[in-house]
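A.B. asks: Below: sequence and its predicted model.
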2 protein chains.
Amino acid sequence: MRNLNQDTITEAVLARFENTPDPRLKQIITSLVTHLHDFARDVKLTEEEWFYGIQYLTATGHKCTDVRQEFILLSDVLGLSMLTIAMNQDKPAGCTEPTVFGPFFLENAPHFELGADVSNGASGQKCLVRGQVKGLGGEPVKGAKLNVWQADDDGKYDVQYENLSQPQARGILNADDQGHFHFTTILAEAYPIPTDGPVGTLLNATKRHPWRPAHLHFMVEAPGYERLITHVFRDHDKYLDSDAVFGVRQSLVTDWVQQADGTYLMEYDFVLNPQR
Amino acid sequence: MRNLNQDTITEAVLARFENTPDPRLKQIITSLVTHLHDFARDVKLTEEEWFYGIQYLTATGHKCTDVRQEFILLSDVLGLSMLTIAMNQDKPAGCTEPTVFGPFFLENAPHFELGADVSNGASGQKCLVRGQVKGLGGEPVKGAKLNVWQADDDGKYDVQYENLSQPQARGILNADDQGHFHFTTILAEAYPIPTDGPVGTLLNATKRHPWRPAHLHFMVEAPGYERLITHVFRDHDKYLDSDAVFGVRQSLVTDWVQQADGTYLMEYDFVLNPQR
């Protein structure tokens, strides 16, 4: 195993992984090495480009903190996140469709009572959200746990502000005995994903816009059902057909209706798949 | 561009890169997205595996510091570094072959006079190194700059020790008017690449050994010539045929001869390619 060249090295590397005990890991690493090498050969990667790639990945890692996940953002804009979700989306027809998780979820969001204002001081127009969590058979899902999070009208999630004393526009609620939920928040607006890191450098160099259509994130969980991670999108948003992270599903788009008093109302029901 | 599925998303992502101004960047990103998606489809990546990958890359980034480059190490053990070097290795026959850069190069190593002891207190058996830097036509390369670095007999580079007050077993020397150089250092020994990070996790899970055959790193530079990044390996090392980073070239292997007084002598001449 000396003097490997560009035609022999891939087989040599794969041979080195021959003794991987876990068959799934072996399958993944074999495919990964094959595609990685094929990519490098396809473009005849130069040493300078290789080093730029090393620096790019390093900067992406350094941008990641407890409240910022630049690798998820990179996966999102390269369509890998949505591809992974699509491949694993084998829920029966009638279930609410999932979409990307995004980089701004926070563990341990504050709990709220039904009817509360989860905006918690975030700026934006007032919006009432209500709906019901149901199972695939139409049964109400009693006490379903809803984790909601969103950006404010300046396009920023709370974690993007430095030194904010408390979480804003995010929270956990439990549906009532009939699976019904309602809470107040602020109106979701279209916003650009963060462009102050390596993902922004990529979008800028490739002349891609960073905008996402207005949406509200939901993670819905209940015993006996599969966890649902999704958004509800606002109809008529001009970015619905060019979402920077490829996450829009028509079934998740609904009209957010302005009321006589100027506030908004968004109604959406979630249908969960029973645990398999 | 809504409701993308696993069969339609790749085209949609590539279309989004359609307006990339730089044709080379467009070529690279197109190939990268295609291979990345093909990889995910080939193995039918699950959401849990995707998230493990996100966490793995994040941990790899967080392991990178001014003196540790875990992404280079990952590229090395996946054979990508050596593939890149092999593809770009089109120097004429007779030139010294390059090999991997490795993760332990340091900018601004200390300068030494010819004949000095660059070990600077690093532990190991004494070894004299000498040779000549020549051009492809056989001409001596006057004053060629040699950057050398190596591990000590405990298998560690200076940067792997915390709180070391000065660089050890690394330095910069200039060849004399005839391209000749000589210096004292410590005998290179086989050593394991660092396994305390994500690369170690990968090697462990795949039952790969982390060892590299004994070698001394050289970066050789001179005006009018292409920069050479290479190693000289010690013959008879038991890892020459299973180098963890696939870097061994037979032309870079030489006998390091033990002298009557117990010290070692390593002689090697470098042949540089004229600048193109």
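C.D. replies: That came in fine, so what should we check first?

A.B. asks: can we go C-alpha only for contacts and neighbour counts from here?
C.D. replies: OK.

A.B. asks: Would you map the strands across the stretch 51-200 of chain A?
C.D. replies: A:126-135, A:145-149, A:170-174, A:180-186, A:191-192 (DSSP state E, counting those that start in this stretch).

A.B. asks: Would you mind putting these into CSV with distance to chain B, mean pLDDT and mean neighbour count alongside?
C.D. replies: As requested, the strands of the stretch 51-200 of chain A are exported to CSV (distance: least, CA to the nearest CA, whole Å; pLDDT from 0 to 100; neighbours: other CA atoms under 10 Å in any protein chain shown):
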stretch, distance to chain B, mean pLDDT, mean neighbour count
strand A:126-135, 22, 98, 21
strand A:145-149, 19, 98, 23
strand A:170-174, 22, 98, 23
strand A:180-186, 25, 98, 23
strand A:191-192, 16, 94, 17
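
A.B. asks: now these in a markdown table, with distance to A:G262?
C.D. replies: As requested, those are exported to a markdown table (distance: least, CA to CA, whole Å):
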| stretch | distance to A:G262 |
| --- | --- |
| strand A:126-135 | 8 |
| strand A:145-149 | 22 |
| strand A:170-174 | 22 |
| strand A:180-186 | 12 |
| strand A:191-192 | 22 |
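
A.B. asks: Can you tell me the closest non-neighbouring residue to the residue in the stretch 101-250 of chain A that chain B sits nearest to?
C.D. replies: Using CA to the nearest CA, the single residue of the stretch 101-250 of chain A nearest to chain B is A:T206, 4.1 Å away. Nearest residue to A:T206 in three dimensions, chain neighbours excluded: B:T20, at 4.1 Å (CA to CA, 6 or more residues apart in numbering or on different chains).

A.B. asks: One more: A:L57?
C.D. replies: The nearest residue in space to A:L57 (CA to CA, 6+ apart) is B:G61, at 6.9 Å.

A.B. asks: The one you found contacts A:T60, correct?
C.D. replies: Yes: between B:G61 and A:T60 there is a contact at 7.1 Å, judged by CA atoms under 8 Å.

A.B. asks: Neighbour count for the two, which is higher?
C.D. replies: Neighbour count, other CA atoms under 10 Å in any protein chain shown: between B:G61 and A:T60, B:G61 has more, with 26 against 23.

A.B. asks: residue contacts, the more buried one?
C.D. replies: A:L57, A:T58, A:A59, A:T60, A:G61, A:H62, B:E70, B:F71 (CA atoms under 8 Å, 6 or more residues apart in numbering or on different chains).

A.B. asks: Of those residues, which belong to helices?
C.D. replies: Under the assignment DSSP state H, those contribute A:L57, A:T58, A:A59, A:T60, A:G61, A:H62, B:E70, B:F71 to helices.

A.B. asks: from those, which single one is nearest B:A40?
C.D. replies: A:L57 (19.0 Å; CA to CA).

A.B. asks: isn't the closest one right up against B:F71?
C.D. replies: Yes: the pair A:L57 and B:F71 passes the contact test of CA under 8 Å, sitting 7.5 Å apart.

A.B. asks: So for these two, which residue has more residues nearby?
C.D. replies: B:F71 (25 against 20).

A.B. asks: separation between the more buried one and chain A?
C.D. replies: 6 Å (CA to the nearest CA, to the nearest Å).

A.B. asks: got the CA coordinates for stretch A:155-164 in PDB?
C.D. replies: Backbone C-alpha positions of stretch A:155-164 (Å, rounded to 0.1, in the frame of the first residue of the first chain) are rendered in PDB as follows:
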ATOM      1  CA  GLY A 155     -36.600  38.700  11.100                       C
ATOM      2  CA  LYS A 156     -34.700  37.600  14.200                       C
ATOM      3  CA  TYR A 157     -35.200  34.700  16.600                       C
ATOM      4  CA  ASP A 158     -34.600  35.600  20.300                       C
ATOM      5  CA  VAL A 159     -31.300  33.600  20.300                       C
ATOM      6  CA  GLN A 160     -30.000  36.000  17.600                       C
ATOM      7  CA  TYR A 161     -30.100  38.900  20.100                       C
ATOM      8  CA  GLU A 162     -27.200  39.200  22.500                       C
ATOM      9  CA  ASN A 163     -27.900  39.500  26.100                       C
ATOM     10  CA  LEU A 164     -31.700  39.100  25.900                       C
END
